[in-house]
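# Show me the folded form of this:
(one chain, ligands or ions: 1)
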Amino acid sequence: MEILIERDAEAVARSAAGVVIDQLGANPRTVLGLATGSSPLGLYQELAAAVRDGRTSLAGCRGFLLDEYVGLPAGHPERYRTVIQRELVDQVDLDPDRVQGPDGLADDLDEAAARYEAAIREAGGVDLQVLGVGANGHIAFNEPGSSLASRTRPAVLTQRTREANARFFEDEIDAVPRRCLTQGIGTILEARHLLMVVAGEHKAEAVAQFVEGPVSARCPASALQLHPRVTVCLDEAAASRLELGDYYREVRAAGPTAD
Ligand SMILES: O=P(O)(O)OC[C@H]1O[C@](O)(CO)[C@@H](O)[C@@H]1O
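I've put the predicted structure just below:
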């Protein structure tokens with residue numbers, strides 16, 4: 001893993017945007033994997049500024065969401081397809097018809113999950129996957145206990161995740177759906193490059209676990225240790241419980257590494 005420790009959340013957003021912009025420079029037809037939640041918002045704002053300044057373009061890209069709540073009606077402000085439209089697609093030159101997420105309104109959720117996997121495959125797979133991590137170590141909506149080989153499927157949210165996400169639902173826990181469709185951990189690991197963005201002290205334990213802890217279903221994000229190309233952008237607060245923080249700083253100062 002490449003670990004980039006930045007001063008604060010703004011620097012994390014700039015650093016992560018640099019990774020995306022480099023990828024778009026190398027391949028303007030990049031297939032982007034898009035996370036929602038609060039973690040990538042700064043990154044998306046940086047990308048919007050870069051598009052406005054003519055420093056990058058997402059016009060040739062396709063986008064695939066990581067996950068979706070089950071049952072939120074089309075146009076609901078917290079439906080992830082709506083969130084990504086508002087926070088990214090409307091701010092950049094990405095064609096909305098080239099962005100899709102799992103269908104959380106499908107009658108047959110298993111079939112919708114299989115269809116979504118097929119769509120990602122047909123697009124040639126994800127080139128660069130943006131990720132955030134939950135305080136309990138979840139990636140996408142793969143909660144602790146998820147198989148590290150899991151595929152896109154219907155899943156059940158933990159009480160902890162629903163409580164964390166209640167802030168998006170006017171603090172009404174009962175308004176947060178209990179079920180979701182999520183890319184599996186095995187699906188996510190097929191992306192060619194994973195870009196994890198994390199800020200804040202409340203994520204420090206999850207970061208220590210997924211970067212330095214055992215690879216375990218207890219911490220779904222620890223599966224990233226098995227991937228050959230992962231960039232983790234952290235602020236100082238999120239990095240504060242890493243035992244090897246100084247080493248990661250030394251490695252970065254030494255230049256590009258394959259670790
Ligand atoms: O970024 P947040 O809002 O803390 O959420 C953590 C992660 O949980 C999810 O919201 C679950 O989809 C991710 O998209 C996100 O990165």
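# what separates P40 from I84, distance-wise?
Distance of P40 to I84, given as CB to CB, to the nearest Å: 10 Å. All C-beta atoms are positioned from the backbone trio N, CA, C, and that covers glycine.
# Tell me the residues that contact both of the two, please.
L34 (CB atoms under 8 Å, 6 or more residues apart in numbering).
# Compute the mean per-residue pLDDT across stretch 23-38, please.
Averaging pLDDT along stretch 23-38 gives 98.
# so does it get close to the ligand?
Yes: applying CB under 6 Å from any ligand atom, one finds that stretch 23-38 is in contact with the ligand at A35, T36, G37, S38.
# Just confirm the second one is within a strand.
If I follow you right, that is T36. No: counting by DSSP: H, G, I helix; E, B strand; the rest coil, T36 is not part of a strand but coil.
# neighbours of it, just the number please.
27 (other CB atoms under 10 Å).
# what does the third one give?
A count of neighbours around G37, defined by other CB under 10 Å, yields 19.
# In PDB, could you pull the C-alpha coordinates for stretch 113-127?
Output of stretch 113-127 as PDB, limited to C-alpha atoms (Å, rounded to 0.1, in the frame of the first residue of the first chain):
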ATOM      1  CA  ALA A 113     -26.900  -7.500  -8.400                       C
ATOM      2  CA  ALA A 114     -26.000 -10.000 -11.100                       C
ATOM      3  CA  ARG A 115     -26.900  -7.400 -13.800                       C
ATOM      4  CA  TYR A 116     -24.700  -4.800 -12.100                       C
ATOM      5  CA  GLU A 117     -21.700  -7.100 -12.000                       C
ATOM      6  CA  ALA A 118     -22.300  -7.900 -15.700                       C
ATOM      7  CA  ALA A 119     -22.400  -4.100 -16.500                       C
ATOM      8  CA  ILE A 120     -19.100  -3.500 -14.800                       C
ATOM      9  CA  ARG A 121     -17.600  -6.400 -16.600                       C
ATOM     10  CA  GLU A 122     -18.900  -5.300 -20.000                       C
ATOM     11  CA  ALA A 123     -17.400  -1.800 -19.400                       C
ATOM     12  CA  GLY A 124     -14.000  -3.500 -19.100                       C
ATOM     13  CA  GLY A 125     -13.800  -3.400 -15.300                       C
ATOM     14  CA  VAL A 126     -13.100  -0.400 -13.000                       C
ATOM     15  CA  ASP A 127      -9.800   1.300 -13.600                       C
END
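# What residues sit buried inside that stretch?
For stretch 113-127, burial by neighbour count (16 or more other CB atoms under 10 Å) applies to A113, Y116, E117, I120, A123, V126, D127.
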